[in-house]
Structures are given as C-alpha cells and as structure tokens.
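> Sequence first, predicted model second:
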Amino acid sequence: MKNIDSYTHVRGESVYLDDIPLQAGTLFAAVYDSPVAHGKIKSLDTSEAEKAEGVVRIFTSKDIPGENQIGGIIPDEELLAGTHVHFCGMPVALVVAESDDAARAAVKRIKIEIENLPVITNPREAKEKGELIIPPRTFRLGDTDNTWKNCEYIFEGRTETNGQEHLYIETQGAYAMPQENGAIRIYSSTQGPTVVQRTAARVLNMPMNKIEVDTTRLGGGFGGKEDQATTWAVMCALASYHVKKPVKYCLHRMEDMRMTGKRHPYSSDFKIGLNKDLKILAYEATFYQNAGAAADLSPAVMERTLFHCTNSYFVPNVTATAYSCRTNLPPNTAFRGFGGPQGMFVIEAAIAKAAEQLHIPASEIQQKNLLKTGDEFPYGQIAESEANECWSKTDELYNIEQLEKDVADFNSSNKFYKKGMALMPICFGISFTKTFMNQARSLVHVYTDGSVGISTAAVEMGQGVNTKLLQVAAKIFSVAQEKIKVNSANTWRIANTSPTAASAAADLNGKATALACETILQRMKQVAADELKTSTETIEIKDEIVFITGKKTDLSWKKLAMLTHMKRISLSELAHYTAPGIHFDTSKEKGHPFAYHVYGTAVITVTIDCLRGIYEFDSVKAVHDFGQSMNTMVDMGQCEGGIVQGIGWMTMEELLYNKEGKLMTNALSTYKVPDIYSVPKEIIVHPLKTEKENLAIFNSKAVGEPPLMYGIGAYFALRNAVKAFNSSAVIPYDAPMTPEKVLMNLFSQ
Amino acid sequence: MIRFILNEKEMVTDLSPGTTLLDFVRYHQHLRGTKIGCREGDCGACTVLAGEIVNDELRYESMTSCLMPLGNANGKHIVTIEGINFPDKLNPVQQALSDCGATQCGFCTPGFAMSLAGFCLSDKEATEQNAIAAVDGNICRCTGYKSIERAAGRVAALTKDKNGEDAALFVSKKKILPEYFAGIKNRLLELSAGQPEIRNKKREAFLVGGGTDLYVQKHEEMMHADVRFVFDEPGLNAIIEEDNKCILGPSVTVSDLKHSSFFNKIFPNFQHYAKLISSTPIRNMATIAGNFVNASPIGDMTIFFLALDTHLFLSSGEETRTLPLRKFYKGYKQLDKKIDEIINSISFELPGKNTYFNFEKVSKRTHLDIASVNSAILLTMNGNKIAKAGMSAGGVGPVPMYLKKTSEYLAGKKISEEMIKEVIAVMKTEISPISDARGSREYKTLLLGQLIKAHFTDI
C-alpha cells in the first residue's frame, strides 16, 4: 500500500506549516540572535529597530510572564538570553512586525554589546574544565581490568565523528493565534506537540489546558524537530499572548542552520582485547559527547550511545563511560539513531584497527563475535538475536568471499581507481530508554455512516506512520482504506504524549489504535449478534459485511454503525497502551530497556578515483530484519532513505565551526547532503524471513532509525579503498571521510 | 507592468520587478504547492517551468523560482505544480512518483514533479539517464533517491514515441499534462504582439541576468532595486562563429552552450564538463557574463574561459573597449570595469588543429556544488612539444586565476612525468589558497597538482 499522503504530495496540495491560510491581522516574527558564542550582555539596544517601518513590538527576556526556560530534561536553556549568551545563534530578541520582510529588516537594526568570554568548542576541553551537563555514566559487564591479561591482542585508539545537520527541507516554524478566554492555539512543525504545549505553559505561566498544539505533518524531521521546534512555537505564543494577534515565524534556511542544534559530534577512546581465535574478550570505550551549550536531549542521547556501544556483538567484558560535555555550540539534539550510531562507530573502528594490524579482513572479527540469542548486553538485557541470521543470509545472497575477491582483483588490475568494501552489521534497540515514555493513546471514532476517524500523537513526517495507523484500523474493522481518516496530532484530542521519536511511533500509537478498534469492534459485534439473534463468537465482519459463521448477512458495516448508535452504544474509544515488560534501573545501569532489537547486515562497496580523490559507491547490499513488514513500500523507503542519510553523515556532510564557535557551513551551498548522483548505484535490501513473535505492531519491527547505521560501513569501505592505493597511510578514525580527507590520505607519507 | 501567463491564466502585475517569482506565486497568488527550502537555488523545492518562444519553437526550461526575478517572467509561460494538475486524477508523472514510493515527507516532491514535467516538455532523448538528469537540482532528504530513479525511468518511457513532435502538443495530446498546454504557443505570441517594449534602459539601473548569484547574496535589496533585465534581451544571447572566432552574447546561459552544436563541436567534452557545473535549473538561468562579473574565485565558467584567452567587449554609452578576461580581475571581487560599463560580447579564438582542451573540477559533492578547486587548460601542440599553453585555476587565490607562470613554463616542453612534476612546482609558486569551508590550503594545493596531472592523462 502506498503512503496515504502521496496523492496530495505529488500535486503540491499537502498542507505544511507555511501553507496554512493566514488569518487576517497576522503578524510576522523574526529572531535577533547572538553574534558571539559566549559572553555577557552589556547592553541591548532595540530603539532603532522599534522605529523601523511595520514593527509592532520587540520582545526580550523581560517580557516573559512565566519562566524564561525551555530546557526539557534539565532546566538550563533560556528562551531569550537574559544576561549571558552561550552560543552563536542564541536567540536574544524577537521582533514582531506587519510583514516578514519588515521583521527581518528590523532585526538588522538591533545593536548589542557583549563582553566576550572564553569559547569552548571541543568536548574534551570542556570535560577537562569540568563543564559537564550531567555526571558521567558507566555501563559495565564482566571485568575488563582483569581480562586484558588474557588477551592475545590489544589495540587502542581514538575516533572522531562529526555532527550532522538535519536538513529537513521544510525549515522550522510555528504559527500561534489567540483564542477566547486567553487560550492559544499553536500550529507547530514539531515532532513533540506535548513538549511545545508544556513549555509554552511554563513560559507563559498558563495552565496546559489553555494551550492547544496542532500538527498536521512535517516536511521532514529526523529528530531535529523533537525538541528544537519548541523554541519558535513558544516565541510565537509569547508574542501572540502579548499582542493578542496571530503571530507566525518560519525560519529562513540560514537562520535555521545557525540557530538549531544538530547530531552530536563525539570524540572517543577505545581499547579492545581479542584472543587468538579473534573473539573479543574485552572492550573499553570513553565517549566525549559534544552537547553544545545546553542539555536539550543530550543526556538521553548519551545514554543511547552507551546502550549501543557494542553494536551487534557479544563482548563478555565491557566498560563504557560517557561524558556529556558542555560547549559553546548550539545545543545538539536528537537525530535519527540518537547517539546509537556514534557508539557503534567506535567499536567498528576498534575492530577495523585490530583487523588492519592483524592483516585480516575486519569481517572475520565481526562475524566471529556476532550476538547470539541468550547473550547479555552490557546493560543486562538478554538478546533475542537475528545477527547471525542476517549475516549468513547476506553471505548466501551476495557471497562475501566473492565480493572480497572481486575487489582484490579490481585493485590489482587498476592503478588509479581502487575499490574498498566493508560489512556493517547493526543491532538497534527499540523503545524510549526512559521507560515511562513508552505509552500512547489513540482516539478512534466510528461515525454513523461507517467512516472512521483516528487521532493519536503520532506526527507524520514522511515515515508513513499515518499510513500504518490507517492500515491497523482497516485490518481490524475490515473496512476500505477510503473510509478511514487519520487526523492531525492535537493536544486537545490526545494529551500528555510522547514525541514521535525513537522509531516507536507506529508501535506505540499503532498498538493503542488496535486496542481502540478492537474495543469498538467488540461492541459492534455484540450489537450485530443481538440484531441477528446469535452469539458474538459467531459474528465476523469482512469487507464491510457482517458474517455469521462464515455466512454473509444483509447487515453491512454502515448499517451496523448506525444501529450501534441507535442502541445508544458508544462508537468511540480512547485506548491507552503501554509497552509491557520493559524497565531500567539507572542506579545499577541494568535492566530490560528495549521491547526488542532490530538487526541487519549490509555490505558496502566504493570506488575511488585516486587521481582526484573523489569516489562513488557501487552498491549497498543488505539483509534487514523487518520482522513481518506491514507496509513494504514504506519500510523499503525508510531503509533506502536511512542508508543514504547515513552515508551522507560518513562522507560529504561536514559541519565546520571556527574557533570562535561560528558555523562556517551555514547554508546549502557549503553544507552538502547527498544529491541523486551521489547515492550508491545499487541499493538492495532483502527482508530477513522471520515468524518470531515480538512487541511490534503486527510483528512489524520499527524501521525509522536502524537503516541509517548501515551508512557507517561507507566510512570503512573508503578507508579500505585508500589503503589499497597507499598501504602506508596512517588514517585517523575521523568521520566524515570527505574527498579532502581521501586525497590527503591517498598521498600521505 | 509585467505580463505573463501563469499556468492557465494571464497575469498582469505592477509589483516591483525585482520581487522573486517564488514570493509572487506563493504569497501573492496563494499557490502554495511551490515550496521554500533554501532561497539560494540549492534545493529545487521551488522549481517552476518557464516557457518561451525561441526560433518559433516553444521551449520550456526548469528554473528555481527563489532566484528568479519577476521581471524575468515577462512574456513567458510560468508553470507551477498547480499548472500540471488534472482536476481529479494524477498526471502520469505524478502517478509514477506516487507508484514508486518516491515521496515521503512530500516537501521536495512538487519540485521533483516539475523537473520531471520539464523533462517531458524538453527535446531530450527519452532515457532514464536524461530523466534523472532533469532532477539534478532537486534535493530530497527522505527517500535516498532510489525510488525517484525508478519513477524517472517510468517518466522517460512516457515520451518514447514523441519523434520530434512539438513537446507541448505531444504532452497535451497524450494527457501527460493538461490540455491547455496546446494553446500556449499562440497565447504567448499574442501576448508579445500586444506588448509595448517596457525595458528599463537606464544606465544606472541594476543589471540582472539570470539572478542566480545576486539573489543569493542580495535577496532583500533586489526586491526593491531599480532593475534592468538583460536575461532575454534580444541580441544578447547569440552564439556566433565569425572570423575564426566564437562570439557569445553576455546573456548566453550554460544551457545555451550545452544546446549549441557549434559550441559542442569546439569542445567535444562539453556535455561532461557542464554536468559538473551547478544543476539543470541553475544552468538554465546563469549567464556567462554574470559568472565573469560576479568574480567568484571559483566561478566554473570563468575558469573555463580564462584558459581560452577570452576577450571582453565592454561599453559605456558611446565608449567601447576590449579587455582580455585575464586582466579583468584586480583583486577579490575587484574588476577592471567602470560602474556603468557593461559586457557587450565575449569572444575567443577557435582552438585550431593540434590543440587540446580540458576542464577539471573537484568539489565536496561531485554535482550541484561549488568547486574546491577547478582548472582548465588549452594546449597547442607542435609535434610532441607544447607550442603554447593556457592554464587557469579557481579556488587557489582571491580571483579566478590565469596561471601565467605555469602556462609560460609549459611552452616548448615535451610532455613527460618529470615535466608534470616541474609544472606542479611552478604552479605552487603562483597560487595562494586559503583554508575555508571548501578545503584546507594544503588540500587545495595538492588537489590542483592532481588536476594538472589529470589534464595530462588523456593527451
């Protein structure tokens, strides 16, 4: 089944934030943001800007009726800078004017005097200076200290992974409008309507029930609108609160790029010990997360790094420590994978280093250490593994040995072109690691004409969650897709929700929807049984017709809906779902935090032009554990998109901040994401066949984040290709592997 | 007054002609299908089609409406996504995108649909490769493009049996696009017939070609500027052979060069070079003189023409003069050009027999990117020796550089590995790259050496 939005998407008729028809009298906002990364505000002069044509009012931190605070996990982030600025791009003032142009023109007339304070951009330096967002955390399994002596081989090293700009094509934005009795409606391009509602309530000193947040869809999110959409929504609400008029703000691309946080850069150390059979006996890792200037979601991201520090491998002795380091970059945030990819990169680097030193393919070490069912993760959960199944299916379908031979043959017969390949197994845990967040509600109405409406907190951002919710209802009610409508995520319909994140939206909201549909169906079956004078067990509804023990009746779904209503029986249900069996004890760092894991293996091949240092990916061939996919087109799309986004992170996407903390790659002309010519020539994703039960909706495992991590293989394939040209190159484990790094390494001595 | 046809409807507007077409369609006409992604021509979410009559043929090109001044729409047929919709069903281009799962969040999708519709309206051969090339200026962050490639394959098949038929008639007959396309040619002819010459000829007016850099740098200023549009001024976009010279009008675009059989005969690899230069919609808009005057140290076309010893004919009113392009640049964004001087034409001597030309470019992303370093070379051979050489390089100094010393060094040399090493050593004495977002100084130096090696690999 196609994505239900595809019809309006291809016609340009889907409504995004900037497409909402304007109410008469709407005003437009623009932010004045800090030009320096760290300093004390000595003076802020908005007088010239106030005089500018069309300007209605300029807001600063003094205009906040409640708390000047938007920090979710930790209250450490101001909406508008009060006395200090902590990053380049930190909002200082909000101009509201009669037009978008007037607001932006006025912003340029604001003057600020700042006493500069020292700027930190490097997480290791922040750690040295004690600038930590939260105390460090350590995950332990076994005893690494006493294992090193049993290791035949020990390798140590350091890795760097850079951040990543989300580059949702729709920039951040919000539109707030006053309602009667002091209430405010906010249209927000957010993954987390409740976060927006809660934060607006806090900043405006208003009860949450007065704030309605509504989100129809996003033009891409990728985590970038989980927490960071809140700022603009609350600003519009603040202005609207004061001026009693609708206020809208859609960020320009450069504003968005400079003011919002990104995927966290990490600097990490590793130590790996193997026995002579290449079994990994011990692994130590220390992660320095570059959190930026405020906590945002960094503690949770850091936690997920620890959860994924051994990727798809079983290591009996693990010590992994992570530091969330406060620097003067914009607060970094959620991004597809949420710290997991950063953790996985490090163990892949450790394995690659061991393989390079031992002159064997990394795949030998990878395969020998794959998780088996019954193995323990460093956090205590016992694996239900598909790692070996995915790997062996990859070998069976694509013939790893033959691929390795083809690469070797190509390299021996070509001087200026070299190929490299790498395998990338993945294992990704599904659930919010904060256990309480694994809950969802769904409100399902059957109308008296038999049509169905579904409301949940799931935000559609291209991942197809609405399509899956519709499929759930269509399957349970056995009605045509056309009869079902999935409504916007709205905090007045569904309250106290978790953001659409952690790949879990379809599972949590789908399960809640299933519960609601089952309950309504049961009631309708009872009505049908009464009407047809039989028992409910004999009733079945198929394709909108009521059947009694397999025999068609005259009672249609539509008639039954009306009949149910006439009998004064509810056709509506609000169902509540919580993922069972999950728990985690942070005092011990042990538990069972994930409902299940998603596994897979990919093999990536690249060819580099050794004259110019440029490269093309020949193929990505994967076997992926979808469980039992409920929508092949949607799930394949998530795989292909995730793989390419992962490759982008590992290759051309390079965030550069200068020493003063200013983003140098602040536009699409300097920050490059993959275009149609830079994607692998071939991407094959083969679904692993499995009939196992799991906690996913209809056993269809979550697919949003895991495929991104296949992209990590791109880095190692490139390394191998460079090595084939220049065997003496000492290549730092430093991603992304840009054409610059490729060329410098090809010709390094 | 600016008059043009927007989708099916004739428009007359007295809005400031410097307003972007994007703002006009989205905020004045409330056609919200055209999306805003970057406002710098780098994402393609705002792609529209511009149709005009060239040599009695209605020709459509894709353009990024964020960089297109309303003035450049004058007399044209502008098509937005709303203009390719059938009332109650998808057109086959949209159907292909939908069937192949080539849309996820959907925000970039109208842009892709427009680029592919543009392919159907073009005279390009109906191959998947060509259909993919049509979306080389569209960025999608969701799909990973494989589904879009599959859709492009289906779109290519739609125009297989066109056989040289007028594209607008063909797509309307085959119900690929709405029927009204069949009547556009006549409507445009009527429009231009009834229209007085409205060109702003004031010398002090802001000269705008395609706007592809001006609207990135000075978007807000341009909106209210007094503008003279030269993009489609008759006589400014000719490509002529004369006295063993190639003479280009200043408004010739990169796409015009791509389409010119004469130019492609001079440079048999031009299609390959052009593919490395920006994207289809930008090539459709960006003019050669604009690239020269912009003075970007990495302007691709500037580097291309510097190797050729190109001459500029500059005029200010009655006064005219000729200047070698190699002497045009005095410092970073500093030109040997008076404020009221304009480039009237561009000329270079046709490379004779025994010449060899090559253009190289490396950027972080191979396509749709600005060069880290680019370079061009023209060699005239005398037997196995180089008689004369011209080499240029971008990204290695404050201006697009003609590598004078390196070029002079090459004269009289036999090509050998040893000689190439020496050339690279000479090159290093005359460049001064800086570290920036496009690469470190060390990288750019090494890279230019590699590009010099590449120049000599095919000779």
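Structure's in. What do you need?
> Could you use CA atoms for every contact and neighbour count after this?
Fine.
> Now do the contacts for whichever residue of the stretch 251-400 of chain B sits closest to chain A.
Residue of the stretch 251-400 of chain B nearest chain A, by CA to the nearest CA: B:K364 (6.0 Å). By CA atoms under 8 Å, 6 or more residues apart in numbering or on different chains, the residues touching B:K364 are A:652, A:672, A:738-740, B:371-372, B:438.
> same check, this time on B:P351
Taking CA under 8 Å, 6+ apart, one finds B:I266 in contact with B:P351.
> and what of B:D369?
Taking CA under 8 Å, 6+ apart, we find B:D369 in contact with A:669, A:672, B:277-278, B:363.
> Closest one of those residues to A:D375?
A:K672 (40.5 Å; CA to CA).
> what's the neighbour count on the closest residue to B:V396 other than its chain neighbours?
In space, and not counting its chain neighbours, B:V396 is closest to B:P433: 3.9 Å by CA to CA, 6 or more residues apart in numbering or on different chains. Neighbours of B:P433 under the rule other CA atoms under 10 Å in any protein chain shown: 20.
> SS state for B:P433?
For B:P433, the assignment made with DSSP: H, G, I helix; E, B strand; the rest coil gives coil.
> okay but it is in contact with B:G439, surely?
No. Contact criterion CA atoms under 8 Å: B:P433 and B:G439 do not qualify, at 9.5 Å.
> Only the buried residues of whichever helix in chain B runs longest, if you could.
Counting residues, the longest helix found in chain B (DSSP state H) is helix B:441-457. Residues B:441, B:443-455 are the ones in helix B:441-457 that count as buried (16 or more other CA atoms under 10 Å in any protein chain shown).
> what about A:K558, how many neighbours?
Per other CA under 10 Å, the neighbour tally for A:K558 reads 17.
> now it, nearest residue through space, not along the chain?
Spatial nearest neighbour of A:K558, chain neighbours left out: A:G450 (4.4 Å); criterion: CA to CA, 6+ apart.
> So that neighbour versus A:K485, what's the distance?
12 Å (CA to CA, to the nearest Å).
> Stretch A:673-687 and chain B, are they touching?
Yes. Using CA under 8 Å from any CA of the partner chain, stretch A:673-687 reaches chain B at A:673-679, A:683.
> How about residues contacting that stretch?
With CA under 8 Å, 6+ apart as the test, stretch A:673-687 has contacts from A:616-626, A:636, A:639-640, A:644-645, A:648, A:652-653, B:132, B:135-141, B:144-146, B:365-368.
> rewinding a little: could you look up the SS state of the residue of the stretch 251-400 of chain B closest to chain A?
coil.
> pLDDT at B:A225, what is it?
With respect to pLDDT, B:A225 scores 89.
> what's the burial count for it?
14.
> Can you give me the distance of the closest residue to it other than its chain neighbours to chain A?
Excluding its sequence neighbours, the residue lying closest to B:A225 (CA to CA, 6+ apart) is B:G18, at 6.4 Å. Applying CA to the nearest CA, to the nearest Å, the value for B:G18 to chain A is 14 Å.
> B:V12 too?
Relative to chain A, B:V12 is positioned 23 Å away (CA to the nearest CA).
> Let me see the contact set for that residue.
If a contact means CA under 8 Å, 6+ apart, then B:V12 has B:1-4 as its contacts.
> three-state assignment of A:I541?
Per three-state DSSP, A:I541 ends up strand.
> Does it touch A:K475 like I think?
No. Here A:I541 does not reach A:K475: they are 10.5 Å apart, not a contact under CA under 8 Å.
> Which of the two has more residues huddled nearby?
A:I541 (23 against 16).
> who does the more buried one bridge with?
Counting by DSSP bridges, A:I541 forms beta bridges with A:V546.
> show me what contacts it?
Applying CA under 8 Å, 6+ apart, we find A:I541 in contact with A:477-478, A:547, A:557.
> leaving aside the residues next to it on the chain, what's closest to A:T448?
A:M562 (4.6 Å).
> Just confirm that neighbour is within a strand.
No. Counting by three-state DSSP, A:M562 is not part of a strand but helix.
> tally of neighbours for it?
17.
> That one contacts A:D449, doesn't it?
Yes. Here A:M562 reaches A:D449: they are 6.6 Å apart, a contact under CA under 8 Å.
> rewinding a little: kindly supply the PyMOL command isolating those of the contacts of B:V12 that are buried.
Buried residues among those (16+ other CA under 10 Å), as a PyMOL selection:
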select buried, chain B and resi 2+3+4
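> got the contact list for B:G449?
By CA under 8 Å, 6+ apart, B:G449 lies in contact with B:424, B:427.
> picking up where we left off before, phi, psi for the residue of the stretch 251-400 of chain B closest to chain A please.
Here is the backbone geometry of B:K364 (degrees, to the nearest 10): phi -60, psi -40.
> List the contacts of stretch B:310-326.
Counting by CA under 8 Å, 6+ apart, residues outside stretch B:310-326 touching it are B:305-306, B:309, B:340-349, B:401-402.
> Pull the number of nearby residues for the closest residue to chain A within the stretch 201-350 of chain B.
For the stretch 201-350 of chain B, the residue closest to chain A is B:E220, as judged by CA to the nearest CA, at 7.9 Å. Taking other CA under 10 Å as the neighbour definition, B:E220 ends up with a count of 16.
> and if you look at A:K588?
Residues near A:K588, counting by other CA under 10 Å, number 12.
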